[in-house]
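In: Predicted model, plus sequence, below.
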Amino acid sequence: MREIVLDTETTGLSPQGGDRLVEIGCVELINHIPTGKHFHAYINPERFMPEEAFRIHGLGDDFLADKPLFKAVASEFRDFIGDATLVIHNASFDMGFLNAELEWAGLARLTNTVIDTVMVARQKHPGARVSLDALCKHYGIDNSRRTLHGALLDSQILAEVYLELIGGKQVSLALVAEVETTTISLTRTRTAVTPRPVALPGRISAAEAEAHAAFIAKMGEGALWTRYRASEAAE
C-alpha cells in the first residue's frame with residue numbers, strides 16, 4: 001500500500017481570494033513505512049507575499065522570485081504522487097489550493113483518496129487539540145526543528161504523527177519482522193547447513209534428560225514431541 005504524506009505553504013488562506021501555493025512537500029510511505037523518497041518544490045506565486053504569511057513560513061519575494069511556476073513542476077508532482085492515497089493535515093485547505101493551481105494551469109483536478117489526519121485525530125482524541133504541534137506534544141515527537149512552517153519538514157513530522165494515530169509503528173515492526181522471518185525461512189530451505197566442526201556440549205544433565213523422557217512417555221504416542229524426535233532421527 002502506497003501513501004503520500006503531503007503539506008503545502010501558501011500566500012494566504014483562500015485561492016478564491018487570489019492566494020497561491022509557494023511550496024509543496026511530500027514523503028512516501030509503503031505499508032506505513034517511510035521509504036526515504038520525497039518530492040519538494042518552491043513555487044513562484046506571481047504575486048507579493050503578505051507579511052502575515054511571511055511570518056508563518058519565512059518565504060519572501062526575493063527568495064521566490066527565481067523559483068519555477070506551478071505549471072513547471074505540476075507534471076513531476078503528479079508523477080510522484082501517482083494514484084497513492086494522500087495523507088494531509090486539514091486536507092480541505094491543501095487540496096483546495098492544489099486543485100485551484102491545477103485548474104489555472106489547465107490540468108485535471110486530483111482524484112486521489114485523501115486521509116485527513118485532523119479528522120482521524122478528532123475521532124481518536126475527542127475534545128483534544130489536534131494541531132500538528134499539539135499532536136507532536138501528545139505523542140512525544142520532537143518538532144524542535146519547526147521554528148517556521150516548512151512543507152517538507154511538516155510532511156515528515158506529519159508522517160510520524162500519522163503512524164502514531166493509526167498504530168502504524170506496531171504495524172511497521174510486524175511487517176519488518178515478517179520480512180525477516182520469510183528471508184530466514186527461504187535461506188534455510190535453499191542453503192545447505194554446514195555442520196559445526198565440533199558439536200556444542202549438551203546443556204542438560206543425564207538425570208534431566210531421563211526425567212524429560214519419562215514426562216514425554218506419559219503423553220502417549222501421539223505427543224508432538226515424539227513426532228518431532230522421530231522426524232529428527234530420520235534426517
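Out: Structure's in. What do you need?

In: what's the domain layout of this structure?
Out: The chain breaks down into these domains under automatic domain parsing: 2-166, 205-229.

In: tell me, which of the ones you listed is the model least confident about?
Out: Confidence, taken as mean pLDDT, is least for domain 205-229 of the domains of the chain (a mean of 62).

In: Can you show me the helices along this structure?
Out: Remark: helices assigned in the chain by DSSP state H are 51-57, 61-64, 70-81, 91-104, 117-124, 132-139, 151-166, 168-190, 206-218, 224-234.

In: Dump the shortest one to CSV, keeping only the CA atoms.
Out: The C-alpha trace of helix 61-64 is given here as CSV (Å, rounded to 0.1, in the frame of the first residue of the first chain):
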residue,chain,number,x,y,z
ASP,A,61,9.5,37.7,-2.5
ASP,A,62,13.3,37.8,-3.2
PHE,A,63,13.7,34.1,-2.3
LEU,A,64,10.7,33.0,-4.6
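
In: Just the buried positions in that helix, please.
Out: The neighbour-count check on helix 61-64 (16 or more other CB atoms under 10 Å) flags residue 64 as buried. In short, each C-beta sits where N, CA and C put it, glycine included.

In: what's the spacing between it and its chain's center?
Out: 32 Å (CA atoms, centre = their mean, to the nearest Å).

In: Kindly confirm whether my reading is correct that residue 69 touches residue 42.
Out: No. With contact defined as CB atoms under 8 Å, residue 69 does not count as touching residue 42 (11.0 Å).

In: So which of the two has more stuff around it?
Out: The neighbour comparison of residue 69 against residue 42 (other CB atoms under 10 Å) goes to residue 42, with 19 against 15.

In: Skipping its backbone neighbours, what lies nearest that one in space?
Out: In this structure, residue 42 finds its nearest non-sequential neighbour in residue 67, 4.4 Å apart by CB to CB, 6 or more residues apart in numbering.

In: what do you get for residue 130?
Out: Distance criterion CB to CB, 6+ apart; nearest residue to residue 130, sequence neighbours excluded, is residue 121 at 3.9 Å.

In: Now do the same contact list for the one you found.
Out: 128, 130, 135, 165 (CB atoms under 8 Å, 6 or more residues apart in numbering).

In: same question, residue 63
Out: Residue 63 sits in contact with residue 42, where contact means CB under 8 Å, 6+ apart.

In: Quick check: it vs residue 26, distance?
Out: Going from residue 63 to residue 26 by CB to CB, to the nearest Å gives 20 Å.

In: okay, now the closest residue to residue 156 other than its chain neighbours: neighbour count?
Out: Closest residue in space to residue 156, ignoring its immediate chain neighbours: residue 27 at 5.6 Å, by CB to CB, 6+ apart. Neighbour count of residue 27, defined by other CB under 10 Å: 23.

In: now swap in residue 210 and tell me
Out: Applying other CB under 10 Å, we find 11 residues neighbouring residue 210.
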